[in-house]
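Peer 1: Make a model of this:
(one chain, ligands or ions: 1)
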Amino acid sequence: MGHLIPVIELGKNLVMHHNFDVTVFVVQTHASISQSQLLELSPDPNLINIVLLPPVDISDIVQPTTLILTQLAMMMRKALPSLRSEISSMKIRPTVLIVDLFGTEAFAMANEFRMLKYVFITSTAWFLALTIYLPTIDRGEEDEHVNNQEPLNIPGCFPVRFKDTFEPLVNRDDQIYVEYVRMGKEISMADGILVNTWRNLEPKTLRALEDPKMLGRLTHAPVYPVGPLVRPVNPGSTSEVLTWLDVQPNESVVYVSFGSGGTLSAKQTTELAAGLELSQLRFLWVVRPPFEYDAAAALFRMGERCDETPSYLPDGFLTRTRERGLVVPTWAPQAEILDHPSIGGFVSHCGWNSSLESIVNGVPMVTWPLYAEQRMNAAMLTEEVGVAIRVEVLSGKEVVGREEIAAAVTKIMVEKEGEEIRVRAKTLKSTAKNALSKGGSSYKAMDVLADECNNYQRCIQGRALG
Ligand code: UDP
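Peer 2: Below you'll find the model as predicted:
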């Protein structure tokens, strides 16, 4: 969902503001997204054409230990033939291909079909910088980072501390490392790179990406910061959760959610429940059944959804907190929740969409990163942007304790110490809005991109006529 949502928002933007015809091809596994969920994302089916490619089966090539990012890369590879056949059978062959980070292997097909080829990074410019820098990194420098836990210096950007590093870097003997380096190389060969950020949010990193003496030397592709592209609130949306929020005081509720797949251990779930109870604050918590076969404190479960009663919560927790807490199993309407005036803070796994949804609503965060690039996101949000505080989820430390959780949510929600962060979150909200408004930096970046695509279209039409 974290990739699909911004991709569909990008599609809508291209249709509504730039008059393009857009088709979104979705690769699925047997367990993944349903047509009805997709329709929820795109309420008007006439706006963009969504094509579900036939489910791919990777069960013959994955092991129980295969990392999720490797699985995604494998799925995308297996889906290439059906993508190719769908595109070749289209009555009007598209002029432009925009792929997700995991889809860069489709560039070969784009070359063959003479399509312009772009990649859309549904994360930060900082993550993009790391990705295109990695294939060129000096081995010794990489060893310093991975073995000696030194910060990784990316030219012109904030260094990545070892505790925030991106998973594939510490798994250099794993397939994931090979896949990630390949993606970095392929991204550099795109005709352009779109990224779900905006100039005011990451000015330094964006400058480094454009500077030919810094990261700009690694790719000829222009970078288009087009964000924040987030799912808009559905104005007609009704649910038990929103009705409950309606009767809570302004900015009084802390929202807790770990994205579409973030899962905690049973021990961590108990501790989080105790921390929320200890804080005595109002809360809305999207819970997911804990995993128990792994000693690590967090895991991503792909495509799982279930509606069972959360019996794994501490005895009596629901009764004791009934007056001020609401627990929702597995899934909740997050865009609408974060937009609600009763929400005052967000405990988040820092998936980039969740982070953006919090920012566009001016909601300060407690960052609780779990996997993928979320530790980098947490570092950026707390130290560089200043709209969050962080709980320390370090590998080796078994769980985040209840006192630490209670202290963090209290600080972000009510304490004087958190005031500066709350104010900054509100200021950032307006810079996000400005970036997308007419004349704003992201609006202009989309205009330039659209011009480039239109010019190319005219050029190939001219060639066909000539
Ligand atoms: N989401 C939601 N309800 C939930 C959990 C997640 O609507 O209960 C949405 C959330 O609003 C966000 C996306 O799913 O748009 C999750 O994306 P993110 O990048 O934050 O994290 P990921 O799920 O990819 O780890």
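
Peer 1: quick one: contacts for Arg161?
Peer 2: Contacts were defined as CB atoms under 8 Å, 6 or more residues apart in numbering; by that measure Arg161 touches 151, 379. Heads up, the C-betas are built off the backbone N, CA and C, glycines and all.

Peer 1: I'd guessed Pro333 sits against Thr243; true?
Peer 2: No - distance between Pro333 and Thr243: 11.6 Å, which falls outside the contact criterion (CB atoms under 8 Å).

Peer 1: What would stretch 137-149 look like as PDB? C-alpha coordinates only.
Peer 2: Written as PDB, here are the backbone C-alpha positions of stretch 137-149 (Å, rounded to 0.1, in the frame of the first residue of the first chain):
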ATOM      1  CA  ILE A 137      30.900   3.600  -3.100                       C
ATOM      2  CA  ASP A 138      34.400   2.800  -2.300                       C
ATOM      3  CA  ARG A 139      34.600  -0.700  -0.700                       C
ATOM      4  CA  GLY A 140      36.700   0.500   2.200                       C
ATOM      5  CA  GLU A 141      34.300   3.300   3.000                       C
ATOM      6  CA  GLU A 142      31.500   0.700   3.000                       C
ATOM      7  CA  ASP A 143      33.500  -1.600   5.300                       C
ATOM      8  CA  GLU A 144      34.000   1.300   7.700                       C
ATOM      9  CA  HIS A 145      30.200   1.800   7.800                       C
ATOM     10  CA  VAL A 146      29.100  -1.900   8.000                       C
ATOM     11  CA  ASN A 147      31.900  -3.400  10.100                       C
ATOM     12  CA  ASN A 148      33.100  -0.500  12.200                       C
ATOM     13  CA  GLN A 149      29.700   1.200  12.400                       C
END
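
Peer 1: Next, the buried residues of it.
Peer 2: If you call a residue buried by 16 or more other CB atoms under 10 Å, then stretch 137-149 has these buried ones: 137, 144-146.

Peer 1: List of residues touching it?
Peer 2: Stretch 137-149 has contacts (CB under 8 Å, 6+ apart) with 150-153, 160, 162-163, 165, 169-170, 172.

Peer 1: Could you check how sure the model is about that stretch, as an average pLDDT?
Peer 2: Taken as a whole, stretch 137-149 has an average pLDDT of 94.

Peer 1: Any regions of the stretch 351-466 of the chain where pLDDT drops low?
Peer 2: Filtered on pLDDT under 70, the stretch 351-466 of the chain yields the residue ranges 395-397.

Peer 1: no no, the stretch 151-300 of the chain
Peer 2: Along the stretch 151-300 of the chain, segments meeting pLDDT under 70 span 292-300.

Peer 1: can you map out the helices along it?
Peer 2: With DSSP state H, counting those that start in this stretch as the criterion, the stretch 151-300 of the chain has helices at 175-188, 203-210, 240-246, 266-279.

Peer 1: Near the ligand, which residues of the chain are found?
Peer 2: Within the chain, the positions lying close to the ligand (CB under 6 Å from any ligand atom) are 1-2, 5, 231, 257, 259-262, 286, 331-332, 334-335, 351-354, 357.

Peer 1: ok, of the residues you listed, which come out buried?
Peer 2: Buried residues within those, defined by neighbour count using 16+ other CB under 10 Å: 1, 5, 231, 257, 259-262, 286, 332, 334-335, 351-354, 357.

Peer 1: List the contacts of Ala408.
Peer 2: Under the criterion of CB under 8 Å, 6+ apart, the contact list for Ala408 reads 347, 366, 389-391.

Peer 1: Identify the residue nearest it in space, chain neighbours excluded?
Peer 2: Val366 (4.7 Å; CB to CB, 6 or more residues apart in numbering).

Peer 1: three-state assignment of the one you found?
Peer 2: The three-state label given to Val366 by DSSP: H, G, I helix; E, B strand; the rest coil is strand.

Peer 1: That one and the ligand, how far apart?
Peer 2: 15 Å (CB to the nearest ligand atom, to the nearest Å).

Peer 1: what are the bridge partners for that residue, then?
Peer 2: According to DSSP bridges, Val347, Ile389 are recorded as the beta-bridge partners of Val366.

Peer 1: ok, back up a step: Pro333 and Thr243: which is more packed in?
Peer 2: A count of neighbours by other CB atoms under 10 Å puts Pro333 above the other of Pro333 and Thr243, at 19 against 9.

Peer 1: count of neighbours near Thr205?
Peer 2: Going by other CB under 10 Å, the residues that sit close to Thr205 add up to 28.

Peer 1: contacting residues for it?
Peer 2: Listed by CB under 8 Å, 6+ apart, the contact set of Thr205 reads 124-126, 129, 156-158.

Peer 1: make it 6 Å
Peer 2: Residues counted as contacts of Thr205 (CB atoms under 6 Å, 6 or more residues apart in numbering) are 125-126, 129, 157.

Peer 1: Tell me the spatial nearest neighbour of it, not counting adjacent residues.
Peer 2: The spatially closest residue to Thr205, leaving aside those adjacent along the chain, is Ala125, at 4.3 Å (CB to CB, 6+ apart).

Peer 1: likewise Glu392?
Peer 2: Nearest one to Glu392, counting by CB to CB, 6+ apart, is Val400 at 7.0 Å.

Peer 1: Nearest to the spatial middle of the chain, which residue is it?
Peer 2: The chain has Trp352 as the residue nearest its centroid, 3.2 Å off, counting by CA atoms, centre = their mean.

Peer 1: Touching, that residue and Ser123? I think so.
Peer 2: Yes - Trp352 lies in contact with Ser123 (CB atoms under 6 Å); the separation is 4.6 Å.

Peer 1: Now do the contacts for Thr122.
Peer 2: The neighbourhood of Thr122, defined by CB under 6 Å, 6+ apart, consists of 3, 6, 196.

Peer 1: The last one: how many residues sit nearby?
Peer 2: Applying the criterion other CB under 10 Å, we find 25 residues in the vicinity of Asn196.

Peer 1: what's near enough to touch the nearest residue to it once chain neighbours are set aside?
Peer 2: The shortest distance from Asn196 to any non-neighbouring residue, by CB to CB, 6+ apart, is to Gly227 (3.9 Å). The neighbours of Gly227, taking CB under 6 Å, 6+ apart as the test, are 196-198, 442.

Peer 1: Quick check: of these, which has the highest neighbour count?
Peer 2: The member of those that has the most neighbours, counting by other CB under 10 Å, is Thr197 with 29 neighbours.
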